[in-house]
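Visitor: following is a predicted model, sequence given first.
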Amino acid sequence: MWTTLLLTASLLVGGTAEAARVKDIASVYGVRDNPLIGYGLVTGLNRTGDTLQNRASIRALVNRLQGMGFTVTPQEIMARNVAVVMVTAKLPANARSGHTLDVEVSSSGDATSLEGGVLQLTPLAATDGEVYATAQGPLVIGGFITKQGGTSKRKNFPNVGRVPQGAIVEKENPNRFAFSEAESIDWIIHEPDFTTAIRLADAVNDAFDQDVAQARDGGTVRVKVPPRYLGRQVELVAVVESVKVAVDALARVVINERTGTVVMGGEVTIAPVAVAHGGLSIEVQQTNTAVQAGSFTPGTTARVRNTDVDAEEGGGGLVAIEGVTIAELVDALNQLGVKPRDLIQILLTIKAAGALHAELEVL
């Protein structure tokens, strides 16, 4: 079943779109999370770990045991209660030593489930090769898999789990933004747009009652630190992120052919255009009929294939669409009796004719 959604923004005085906070549409340049990754072991599994064919798991376990002073060989490892996993986390820009982080754990071998497992101490490094956190702790899976007599039942994905607050920050981010030394702060707009950038700068200037903000381009607005906020740059950021801005956006129609969802923005307009809508359906049916030979006639039973072809052309006509708003466009399509299968083609054809003033994106 297809669903058509119309998203129209509420209007303020002057016809501008509803305002949004700066913190919801932009972020401070240099303040971002940094990905961390590690390679570790999960133990305590109920024979759902990596099989003996997974030599990487055996070598990892042997190396870990040898590092702890145990002398073992790969041939002595026979248990299936161990799985090799990849461990990932995000290091916030302002994280300090001692802060805790959530970690994601995913099997990298042929383990069937990580349920009941415990992540052993795993160093987490960034792209520069430095270790910034260490992780360990019991996994939360949120799923299971059971097997009995050749029948299995699975819920969610038991090969992926989380360790809430399972990582401890050992080293601070060397690229952390120094607010106390900043003379200006750049705001990066999540959806770059020149109109939005100008409106953001104007809104900040109005909030401070002085010219402190300037749009550098469609995606960046630079805010100078006023003298009264020197040494209090964090307070400045708090004030700026609460400022409301009328956000502008491109007119866009998004069609998801797999789920049958059509989303049209409120800024979508259409020029006068005529659309002829009709359909031709052709149905071909084949039936087999057995024809037997007569009683006194030599021969064998034969099979005859009968083919019936039925063509039906749906009613359709030429309809003029003169609306200039998305609501009038939908009303006109409803007058045509548009079926879900025809909606995409009609929109593509209107776009090809140059009458649909919007980006058309098919997922």
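Guide: Sure, I can see it.

Visitor: the closest residue to Leu356 other than its chain neighbours sits in which helix or strand?
Guide: Among residues not flanking Leu356 along the chain, Ile350 sits closest, at 4.5 Å (C-beta to C-beta, 6 or more residues apart in numbering). Yep, even glycine has a C-beta here, placed from its N, CA and C like the rest. Assigned by DSSP states H and E, Ile350 belongs to helix 340-352.

Visitor: so the residue nearest to Leu356 sits against Ala358, correct?
Guide: No: using C-beta atoms under 8 Å, Ile350 makes no contact with Ala358, being 9.9 Å away.

Visitor: can I get the host helix or strand of Thr196 in PDB? Just the C-alpha atoms.
Guide: Assigned by DSSP H and E, Thr196 belongs to helix 194-208. What follows is helix 194-208, C-alpha atoms only, in PDB (Å, rounded to 0.1, in the frame of the first residue of the first chain):
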ATOM      1  CA  PHE A 194      22.500  30.500   1.700                       C
ATOM      2  CA  THR A 195      19.200  31.900   2.800                       C
ATOM      3  CA  THR A 196      19.300  30.000   6.000                       C
ATOM      4  CA  ALA A 197      22.900  31.200   6.700                       C
ATOM      5  CA  ILE A 198      21.800  34.800   6.200                       C
ATOM      6  CA  ARG A 199      18.800  34.400   8.400                       C
ATOM      7  CA  LEU A 200      21.000  32.800  11.100                       C
ATOM      8  CA  ALA A 201      23.500  35.600  11.100                       C
ATOM      9  CA  ASP A 202      20.700  38.200  11.200                       C
ATOM     10  CA  ALA A 203      19.000  36.400  14.100                       C
ATOM     11  CA  VAL A 204      22.200  36.300  16.100                       C
ATOM     12  CA  ASN A 205      22.900  40.000  15.500                       C
ATOM     13  CA  ASP A 206      19.400  40.800  16.600                       C
ATOM     14  CA  ALA A 207      19.800  38.700  19.800                       C
ATOM     15  CA  PHE A 208      23.100  40.500  20.800                       C
END
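
Visitor: who are the packing partners of that helix?
Guide: Applying 3 or more C-beta pairs under 8 Å, 6 or more residues apart in numbering; DSSP states H and E, we find helix 194-208 packed against helix 22-25, strand 184-189, strand 213-217, strand 220-224, helix 233-241, strand 244-246.

Visitor: give the other helices and strands that the shortest one contacts.
Guide: If I follow you right, that is strand 244-246. strand 19-21, helix 22-25, helix 194-208.

Visitor: apply 6 Å and report the result again.
Guide: strand 19-21, helix 194-208 (3 or more C-beta pairs under 6 Å, 6 or more residues apart in numbering; DSSP states H and E).

Visitor: follow-up on the earlier one: could you dump the helices and strands packed on helix 194-208 to CSV with mean pLDDT and mean neighbour count?
Guide: Converted to CSV, the helices and strands packed on helix 194-208 look like this (pLDDT from 0 to 100; neighbours: other C-beta atoms under 10 Å):
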stretch, mean pLDDT, mean neighbour count
helix 22-25, 92, 18
strand 184-189, 93, 19
strand 213-217, 93, 16
strand 220-224, 95, 21
helix 233-241, 93, 17
strand 244-246, 92, 20
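
Visitor: any stretches of the protein with poor pLDDT?
Guide: In the predicted model of the chain, residues 1-18, 68-79, 143-156, 260, 275-341 satisfy pLDDT under 70.

Visitor: tell me the domain boundaries of it?
Guide: Domain segmentation of the chain under automatic domain parsing yields 19-31+177-246, 34-169, 253-280+313-362.

Visitor: out of the helices and strands packed on strand 244-246, the one nearest Lys90 is which?
Guide: Comparing these against Lys90 with C-beta to C-beta, the closest turns out to be strand 19-21 (23.1 Å).

Visitor: partner strands of the closest one, with direction?
Guide: Strand 19-21 sits in its sheet next to strand 244-246 (antiparallel), going by DSSP bridges.

Visitor: do a quick rundown of the helices in the stretch 1-150 of the chain.
Guide: For the stretch 1-150 of the chain, the helices defined by DSSP state H, counting those that start in this stretch occupy 22-25, 55-67.

Visitor: just say which of those is most tucked in.
Guide: Most buried of these, by mean neighbour count (mean count of other C-beta atoms under 10 Å): helix 22-25, with a mean of 18.
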